[in-house]
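> curious how this folds, go ahead:
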Amino acid sequence: MADSSFPISSRPGLLRTTLNSSMAQQNLSHSLILLEQSQASAMEDHSQIEDTMDDEDRGRSRTDVLFAQFFDVLQSHGGGPETFEVIQGLGHACRGVVEQLELEIDRGVGGEQGARQRKAMLQWLRQEIYTWRLLHALFHDRILLQSDTRADDEMQDGPTLGGSEKEVIQQLYSINATLREYQLVVDWLEACYKPEDQPNLLHCHDRMMSWENTLFQLENLQGAAFGKGHEIVTRLDPDASIREKRPLHALDEEDNQRLSRAIFTAIRSGHVDDGLKLCKHYGQTWRAAILEGWRLHEDPNFEASSKIYEKLPIEGNPRRDVWKRCAWLLADSKNYDEYSRATAGVFSGHLASLKSLLQSDWHDLLWAHLKVQIDIRVESEIRGCCLKRYQPMPDEYWNGKMTMEQIFDELNVAKDASVRDFAQGQLGVIQRHLILDTCGELLQHMVRWLEKDAGQLPPHQLRFMAHIVLFLRQIGRVEQERQAEKIIAAYVEALIERADAHLIAYYTAALSKPLQVQLYSRFLEQVEQKRKRELALEAALQAGLDVEQITRLTVDNIRLAQASLGEAGEPRTGEISASDMRKIMALEWLIHLPEQRGDLLWQANAMMRTYLASNKPECVRQTFRMVPGDVVQLLVNSFGSTDNLPPREECSLKEYLCYKVYLAGVDSFLEWNRLFHNKPQKPKQEPAVAGLDNFTERMASERKEQAYRSELQRWEHRLKEQAKQTMEALYNVLMFPEKGWLVDPFIAKGPENAAQLKWDHRLLQMERLRSICLPEIALFLHDVMYKSGDFAGCVRLADEISSEHRQLYKVYTKHKLAELLAKIADASLELLNSKLDPWGYPITA
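Below is the predicted model:
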């Protein structure tokens with residue numbers, strides 16, 4: 001596939017102002033928004049599922065539809081900008097299968113074992129969907145938005161000094177591709193985050209005041225029902241618990257812990273507003289106010305271009321630096337629960353608080369690192385460009401700056417084994433290299449997986465890898481085409497096992513021509529039914545494959561394959577073995593296209609040479625029948641005349657006619673031999689019985705005798721005519737025109753690809769067949785003439801053998817020649833016994 005050119009889109013609408021209060025929930029990449037919207041609007045009702053399924057299927061049939069669906073998606077979209085629509089379509093196809101599997105699990109289809117296998121499929125497909133989203137988001141930005149800007153992390157042309165915090169960061173996002181990619185990955189991680197099942201806290205209680213149990217106990221100090229003797233806080237301000245080092249009421253502590261967890265889960269999912277809603281619902285408005293302190297400050301009333309004569313609301317926190325330092329100290333403190341610390345750490349760039357909570361998941365840790373890196377870069381830009389004095393941040397904050405490569409290196413050696421396993425696993429490697437934009441290394445890893453497992457990779461993983469490669473090739477990110485072809489070829493081999501001709505042809509067309517011929521030929525070798533063969537060739541033609549070269553290789557491979565005898569052993573005389581029949585029927589591949597009549601003749605002749613040498617006459621006849629009767633006329637018409645035939649076609653045509661004459665002669669001899677040995681039997685003479693020899697019996701006997709004589713006359717006539725035809729047919733073999741039977745016509749120059757055609761080997765084969773078949777034909781001819789009483793013809797046969805015109809004597813060995821001369825001598829003796837000379841002429845005095 002040729003690399004596509006992609007148009008450049010405008011920047012407005014891309015930036016996700018996550019540090020702006022009014023746009024907190026907007027996505028940085030509008031491509032992710034479009035992806036979610038298209039999936040939501042295109043979802044179908046998959047609630048009707050068959051209750052009866054094969055116990056051995058375990059949901060595989062549901063996932064196997066992805067092979068055809070991915071093919072349909074690729075066919076329905078072209079190149080250019082539609083390439084990204086393809087990625088959306090692939091993700092949507094996986095989404096549909098996930099929904100079906102989830103419904104089947106809910107309905108208990110397949111029992112416990114089926115549910116386990118379906119859950120394993122679900123885990124893979126969800127990660128695949130996440131990867132397609134990541135691919136779409138990152139490369140949409142890299143291809144369509146970064147083509148006119150190559151700013152790095154240390155910007156050379158930064159924002160104008162003196163702007164508001166919001167303006168500075170908006171401009172930073174618009175020109176700094178690295179920061180924008182960081183935010184894209186964060187958006188992706190938040191969109192893919194699926195928290196564990198937990199009750200919706202908003203549905204647990206009605207609206208209430210905060211810490212009502214603590215308040216009730218403080219107001220009723222003498223009450224015994226609420227744990228008398230346990231010291232709790234004496235004040236209800238938000239800092240009372242930390243200041244007094246006393247807990248709240250046990251129920252309020254539990255609610256507080258649940259609320260902190262829910263708030264952090266909402267933030268981890270990218271839904272900060274949901275966290276604020278939870279705070280307000282639980283009556284902790286001060287916590288909601290604290291969560292607002294991280295927003296960027298901007299006062300639109302200071303804009304000189306403003307023509308609005310009214311005061312506009314101020315956005316963000318003008319003392320954000322003070323709030324951020326306090327949030328850092330909170331995250332760094334051990335006096336708060338881990339969820340409260342992590343929530344403050346998200347907005348203050350405190351990595352340690354996030355890592356202590358998110359240490360068991362690769363995606364969570366990546367999200368934590370990237371949130372911190374974005375925060376550091378944003379804070380650095382604000383303090384460098386805004387004309388304002390800011391409260392200093394701790395050195396540990398600034399020392400936390402890392403590159404993306406350093407982040408992944410740290411994840412690879414994480415303490416948690418599950419994080420290391422995912423980081424070093426195939427999905428982790430794929431996602432890492434997509435984020436780092438190191439596509440060349442990604443392809444190297446994929447090739448190593450193929451070589452290591454040697455064809456043991458699951459078909460769906462090959463499907464996933466192959467389509468990633470196709471996408472990277474389409475956007476011009478494939479560095480070594482050989483590696484890409486190995487991956488696509490492995491997927492084609494997996495499709496060959498499924499035997500879907502259209503899919504195999506389509507993906508084979510994405511390979512180089514030698515691989516196309518090799519792989520599609522391997523597929524055709526497995527197709528046995530005639531209708532399926534026609535469909536396979538039609539699919540190849542639609543995909544633009546070189547059908548002629550593919551079918552030639554297919555027939556060659558089948559013809560030259562060494563087949564075992566199998567359980568049945570050697571076939572009986574007159575029968576064709578299964579392996580020979582498979583070879584013969586392979587000629588059907590060359591009948592589909594009229595342009596391949598020359599190839600058909602070449603392959604058929606090669607088979608007939610082999611079968612003749614192996615003494616398999618039935619195989620020779622069946623091979624000959626596979627060649628259409630109009631082959632000569634079509635071949636001549638395709639080149640205009642016989643004079644214009646290329647050397648290969650000219651020699652193949654004569655060789656084919658040689659076999660035609662040979663088979664006609666042998667079949668005629670067999671028919672004559674059958675007639676000769678099926679002479680009508682003379683009716684038996686019943687012994688005469690005394691007293692019973694009457695007129696009726698004599699009449700019956702005479703009728704039998706008369707019928708016998710009539711049948712004998714007809715037999716003699718048929719035998720005479722058949723002998724005449726047989727002698728003519730056998731003479732046609734011996735007296736074949738031009739240089740003789742199985743001798744190539746004169747050609748000024750051999751074929752250009754003589755070595756590839758094994759031309760010299762063919763000539764040796766034909767010479768060997770002449771030494772086998774011509775002496776046999778001569779013996780057949782002598783047998784017919786001798787038994788027909790044509791002794792003079794038997795003697796004349798010696799003249800034909802010894803003639804220098806065709807030099808047939810050269811095909812004889814001494815033994816075979818002696819055998820023929822002995823039979824001719826017997827014919828001469830018969831002539832002498834008939835009062836003729838040894839040559840059949842009358843004896844003159």
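> now residue 85: closest residue in space that isn't a chain neighbour?
Once flanking residues are discounted, residue 85 sits nearest to residue 77: 5.4 Å by CB to CB, 6 or more residues apart in numbering. C-beta here means a position set from N, CA and C on the backbone, and glycine is covered the same way.
> you'd agree the one you found is up against residue 83?
Yes - here residue 77 lies in contact with residue 83, judged by CB atoms under 8 Å, at a distance of 7.5 Å.
> between those two, who's got more neighbours?
Ranked by neighbour count (other CB atoms under 10 Å), residue 77 and residue 83 place residue 83 first, with 21 against 17.
> phi, psi of the more buried one?
phi -60, psi -40 (degrees, to the nearest 10).
> ignoring the adjacent residues along the chain, who's closest to it?
Nearest residue to residue 83 in three dimensions, chain neighbours excluded: residue 474, at 5.2 Å (CB to CB, 6+ apart).
> chain center to the host helix or strand of residue 90: distance?
Assigning secondary structure by DSSP states H and E places residue 90 in helix 82-106. Distance, stretch centre to chain centre, for helix 82-106: 18 Å (CA atoms, centre = their mean, to the nearest Å).
> just the buried positions in whichever helix or strand comes after that helix, please.
Downstream of helix 82-106, the first helix or strand assigned by DSSP H and E is helix 111-144. Applying a neighbour-count criterion of 16 or more other CB atoms under 10 Å, one finds 114-115, 117-118, 121-122, 124-125, 127-144 buried in helix 111-144.
> quick one on the thing from earlier: which ones are touching the residue nearest to residue 85?
Contacts for residue 77 (CB atoms under 8 Å, 6 or more residues apart in numbering) come out as 83, 85-86, 89.
> swap the cut-off to 7 Å and go again
Residues near residue 77 by CB atoms under 7 Å, 6 or more residues apart in numbering: 85-86, 89.
> same deal with residue 795?
Contact analysis of residue 795 by CB under 7 Å, 6+ apart lists 824, 827-828, 839-840.
> just the buried ones from those residues?
Neighbour-count burial (16+ other CB under 10 Å) is assigned, among the contacts of residue 795, to 824, 827-828, 840.
> picking that back up, and of the contacts of residue 795, the nearest to residue 680?
residue 827 (27.0 Å; CB to CB).
> am I right that the closest one is in contact with residue 790?
No - counting by CB atoms under 7 Å, residue 827 does not reach residue 790; the two are 8.6 Å apart.
> count the neighbours of residue 578 for me.
12.
> model confidence for it, exactly?
Listed pLDDT for residue 578 reads 91.
> residue 236 now?
We have a pLDDT of 83 for residue 236.
> mind checking the SS state of it?
coil (DSSP: H, G, I helix; E, B strand; the rest coil).
> number of residues surrounding it?
Counted with other CB under 10 Å, the neighbours of residue 236 add up to 14.
> got it, and residue 178?
Using other CB under 10 Å, the number of residues around residue 178 comes to 17.
> would you say it is within a strand?
No - assignment of residue 178 by three-state DSSP gives helix, placing it outside any strand.
> what about it, distance to residue 99?
36 Å (CB to CB, to the nearest Å).
> and if you look at residue 446?
Distance check for residue 446 against residue 99: by CB to CB, it reads 29 Å.
> more neighbours: those two, which one.
Set side by side, residue 446 and residue 99 show more neighbours around residue 446, with 26 against 16, by other CB under 10 Å.
> please, which helix or strand holds the more buried one?
helix 439-453.
> count of residues packed around residue 342?
Applying other CB under 10 Å, we find 26 residues neighbouring residue 342.
> wait, residue 186 sits on residue 370?
Yes - taking contacts as CB under 7 Å, residue 186 lies within contact range of residue 370: 5.0 Å.
> from residue 548, how far out is the nearest residue to residue 747 once chain neighbours are set aside?
Residue nearest to residue 747 in three dimensions, not counting chain neighbours: residue 647, with 4.6 Å by CB to CB, 6+ apart. Noted for residue 647: a distance of 18 Å to residue 548, by CB to CB.
> so which of these two has more stuff around it?
More crowded of residue 647 and residue 548, by other CB under 10 Å: residue 647, with 18 against 15.
> now do the contacts for that one.
Residues near residue 647 by CB under 7 Å, 6+ apart: 747, 749-751.
> with the residues you listed in mind, which one is nearest to residue 334?
The closest of the contacts of residue 647, once distances to residue 334 are taken by CB to CB, is residue 751, at 87.5 Å.
> did I read that right, the closest one in a helix?
No - judged by three-state DSSP, residue 751 forms no part of a helix; its state is coil.
> for it, what are its contacts?
Per CB under 7 Å, 6+ apart, neighbours of residue 751: 647-648, 757, 759.
> so, low pLDDT: which residues of the stretch 201-350 of the chain?
201-209, 221-229, 303-309 (pLDDT under 70).
> rerun that using 90 as the cut-off
For the stretch 201-350 of the chain, the stretches with pLDDT under 90 are 201-259, 274-321, 334-337.
> show me where it has strands.
Here the stretch 201-350 of the chain has no strands by DSSP state E, counting those that start in this stretch.
> just the helices in it please.
Assigned helices in the stretch 201-350 of the chain, in chain order: 212-219, 240-244, 250-268, 272-281, 285-291, 320-332, 338-348 (criterion: DSSP state H, counting those that start in this stretch).
> the stretch 551-700 of the chain too?
Along the stretch 551-700 of the chain, the stretches classed as helices by DSSP H, counting those that start in this stretch are 578-585, 597-613, 617-626, 631-639, 647-676, 695-734.
> which of the ones you listed sits closest to residue 483?
Between the helices of the stretch 551-700 of the chain, helix 597-613 lies closest to residue 483; by CB to CB that is 33.9 Å.
> got a list of contacts for that closest one?
The contact list for helix 597-613 (CB under 7 Å, 6+ apart) reads 548, 552, 555, 559, 583-584, 587, 590-591, 619-620, 623-624, 626-627, 631, 634-635, 648-649, 652-653, 655-656, 659, 765-766, 768-769, 772-773.
> what angle separates it from helix 631-639?
With axes from the mean of the first three to the mean of the last three CA atoms, to 10 degrees defining the directions, helix 597-613 sits at 150 degrees from helix 631-639.
> now do the residue most central in space within the chain, the pLDDT please.
Centroid check for the chain by CA atoms, centre = their mean gives residue 491 as the closest residue, at 3.3 Å. pLDDT, residue 491: 96.
> show me what the helix or strand where it lies is packed against.
Assigned by DSSP H and E, residue 491 falls within helix 481-498. Other helices and strands packing on helix 481-498, by 3 or more CB pairs under 7 Å, 6 or more residues apart in numbering; DSSP states H and E, are helix 439-453, helix 459-474, helix 501-508, helix 513-524.
> redo those as TSV? Include mean pLDDT and distance to residue 716.
Shown next, in TSV, are those (pLDDT from 0 to 100; distance: least, CB to CB, whole Å):
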stretch	mean pLDDT	distance to residue 716
helix 439-453	93	76
helix 459-474	95	72
helix 501-508	96	59
helix 513-524	96	54
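> for residue 312, find the nearest of those.
Closest to residue 312 of these is helix 459-474 (CB to CB; 45.5 Å).
> can you list the low-confidence ranges for the stretch 1-150 of the chain?
1-62, 75-84, 102, 104-120, 140-150.
> try it again with 80
1-60, 78-82, 110, 145-150 (pLDDT under 80).
> what's the separation between the closest residue in space to residue 536 that isn't next to it in sequence and residue 547?
Nearest residue to residue 536, sequence neighbours excluded (CB to CB, 6+ apart): residue 501, at 4.3 Å. For residue 501, the distance to residue 547 equals 12 Å [CB to CB].
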